[in-house]
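Asker: below is the structure, and that's it, no one-letter string:
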């Protein structure tokens, strides 16, 4: 069973990438054709000045489609729907609810919900994001594992903009202020964002009006498209403001509870790898559980042994980190544009190729989903068995 806090699948949302071996996973799922149908047609990424002049650009095809803009970019809501439609024939979904308590014993896990009656499961998978409820219940407070990057990111849907011409445009202003806009899937919409360097904000996560006020005040004196996008933000129904952070844990499991994706290893949106890591992690976790006949004591350590080196490499932030993404002086803004202009040239292009291709640096296990059987890590054949499990998703 999958439990989701939202009352239904949420449409739209931020743009996410499928990179490296995550594409292979989606192909093995039989979902790639559908993903390509809903993917965004984007020509590349460009930095602009106050007047909208291009300072530097990176076409999508640079670095083999693994650059700042991936070959496959899709709205989070569209990707969720593809996976949902593929899984509904054999998966129970519980919407508009969340986990409130987890009690383990030698035979299973008792889970209590906010609304539904309590249930018993063989194990629980927490896939509910940076501020994971499952992780807090099973591992303790997030202060011990969530590392803030001292940067806030807002995103929302804005009206379409013909000036984009298929490009994701970004503008930097002194003070670490970032304004961005990119094409949406529909001609009459675009996806916009504001980012600014700041410590954790003292604001209720549910008080969207107050959050919008903070963003509007922060960008009140910024040029380019900022005034128009602030106006669009005011009326946006899908507005989200989130703190950028990373998750670092010594172990991803506690008994029958295991973490997956951002709840286990959030790399932050700055890497562009959160979705790809989650897709690969889900594939490996499912494969190891099947290979171990549902024995979590075997599957969970094996899953972590396979994934942890890959995750560690992909948690590394791009050169410059937050300061590179949101430079705070006119000089550092100019240096960012200059370095980007050199990215496509030798020798810098060769040096950066490894940085952009980290998502492909993983030998994806072939679990042999054939005739109801699965191939184990040593090549032996094991009967495919399924155990009742609960997965808590982020809303």
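Answerer: Right, received. Where do you want to start? Please read all numbers here as calculations on a predicted model, not as lab measurements.
Asker: going forward, measure contacts and count neighbours with C-alpha atoms only.
Answerer: Noted.
Asker: which sections of this protein are below the confidence cut-off?
Answerer: Where the chain drops to pLDDT under 70, the residues are 348-354, 369-392, 394-395.
Asker: which strand is the longest one in it?
Answerer: Counting by DSSP state E, the longest strand found in the chain is strand 146-159.
Asker: for that strand, what is the distance to the chain centroid?
Answerer: In terms of C-alpha atoms, centre = their mean, to the nearest Å, the centre of strand 146-159 is set 12 Å apart from its chain centre.
Asker: check stretch 113-131 too.
Answerer: With C-alpha atoms, centre = their mean as the basis, stretch 113-131 stands 20 Å off its chain's centre.
Asker: which residues does it contact?
Answerer: 97-101, 107-112, 132-135, 142, 146, 245-247, 256-264, 266, 296, 387-395 (C-alpha atoms under 8 Å, 6 or more residues apart in numbering).
Asker: returning to what we had before: go through the longest strand of the chain and flag the buried ones.
Answerer: Within strand 146-159, the residues that count as buried by 16 or more other C-alpha atoms under 10 Å are 146, 148-149, 151-159.
Asker: could you provide those residues in CSV, with additional columns for distance to residue 8?
Answerer: CSV is the format used below for the buried residues of strand 146-159 (distance: C-alpha to C-alpha, whole Å):
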residue, distance to residue 8
146, 28
148, 30
149, 31
151, 30
152, 27
153, 24
154, 22
155, 20
156, 19
157, 19
158, 22
159, 24
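Asker: so who does residue 359 touch?
Answerer: Applying C-alpha under 8 Å, 6+ apart, the residues near residue 359 are 19-22, 273, 276-277, 314.
Asker: could you chop this protein up by domain?
Answerer: 2-43+56-146+248-318+356-393, 148-245 (automatic domain parsing).
Asker: can you tell me which of the contacts of residue 359 are in helices?
Answerer: 21-22, 276-277, 314 (DSSP state H).
Asker: now the helices for this protein?
Answerer: For the chain, helices defined by DSSP H occupy the ranges 21-29, 32-38, 76-87, 133-139, 208-218, 226-234, 262-265, 274-291, 296-314, 321-325, 330-343, 348-356.
Asker: of all those helices, which one is nearest residue 12?
Answerer: Judged by C-alpha to C-alpha, the one of the helices of the chain that comes nearest to residue 12 is helix 76-87, at 4.7 Å.
Asker: in that closest one, what counts as buried?
Answerer: By 16+ other C-alpha under 10 Å, the buried positions in helix 76-87 come out as 76-80.
Asker: swap in stretch 23-34?
Answerer: Of the residues in stretch 23-34, 23-26, 31 count as buried by neighbour count, 16+ other C-alpha under 10 Å.
Asker: gap between the two ends of that stretch?
Answerer: Counting by C-alpha to C-alpha, to the nearest Å, you get 12 Å between the two ends of stretch 23-34.
Asker: which residues does residue 190 form a beta bridge with?
Answerer: residue 158, residue 183 (DSSP bridges).
Asker: can you get me a residue count around it?
Answerer: 20 (other C-alpha atoms under 10 Å).
Asker: show me what contacts it?
Answerer: Contacts of residue 190 (C-alpha under 8 Å, 6+ apart): 157-161, 181-184.
Asker: now those as TSV including distance to residue 241?
Answerer: Below are the contacts of residue 190 laid out as TSV (distance: C-alpha to C-alpha, whole Å):
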residue	distance to residue 241
157	13
158	15
159	19
160	21
161	22
181	16
182	18
183	20
184	19
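Asker: if we only consider those, which is nearest to residue 170?
Answerer: residue 181 (6.7 Å).
Asker: so what's that closest one up against?
Answerer: 168-170, 190-193 are the contacts of residue 181 under C-alpha under 8 Å, 6+ apart.
Asker: just give the nearest non-adjacent residue to it, would you?
Answerer: Spatial nearest neighbour of residue 181, excluding adjacent residues (C-alpha to C-alpha, 6 or more residues apart in numbering): residue 192 at 4.2 Å.
Asker: ok, that neighbour touching residue 231?
Answerer: No. Residue 192 is beyond contact range of residue 231, at 11.6 Å (criterion: C-alpha atoms under 8 Å).
Asker: what are the bridge partners for the residue nearest to residue 54 when sequence neighbours are not counted, then?
Answerer: Computed as C-alpha to C-alpha, 6+ apart, the closest residue to residue 54 that is not its neighbour in sequence is residue 48, at 4.6 Å. For residue 48, the beta-bridge partners under DSSP bridges are residue 54, residue 171.
Asker: what count of nearby residues applies to residue 48?
Answerer: Residue 48 has 18 nearby residues by other C-alpha under 10 Å.
Asker: contacts only, for it.
Answerer: Here residue 48 is in contact with 54-56, 169-172 (criterion: C-alpha under 8 Å, 6+ apart).
Asker: tell me which residues of stretch 301-314 are tucked away?
Answerer: Buried-residue list, stretch 301-314, by 16+ other C-alpha under 10 Å: 301-304, 306-308, 310-311, 314.
Asker: for stretch 192-207, same thing?
Answerer: Neighbour-count burial for stretch 192-207 [16+ other C-alpha under 10 Å]: 192-197.
Asker: go on, stretch 315-330?
Answerer: Buried residues in stretch 315-330 (16+ other C-alpha under 10 Å): 315, 317-318, 322, 324-328.
Asker: quick one: it to chain centroid distance?
Answerer: Centroid displacement of stretch 315-330 relative to its chain, using C-alpha atoms, centre = their mean, is 19 Å.
Asker: from start to finish, how long is that stretch in a straight line?
Answerer: End-to-end distance of stretch 315-330 (C-alpha to C-alpha): 28 Å.
Asker: run a quick neighbour tally on residue 49.
Answerer: Every residue meeting other C-alpha under 10 Å relative to residue 49 is counted, giving 18.
Asker: surely it and residue 169 touch.
Answerer: No. If you go by C-alpha under 8 Å, residue 49 and residue 169 don't touch, sitting 10.1 Å apart.
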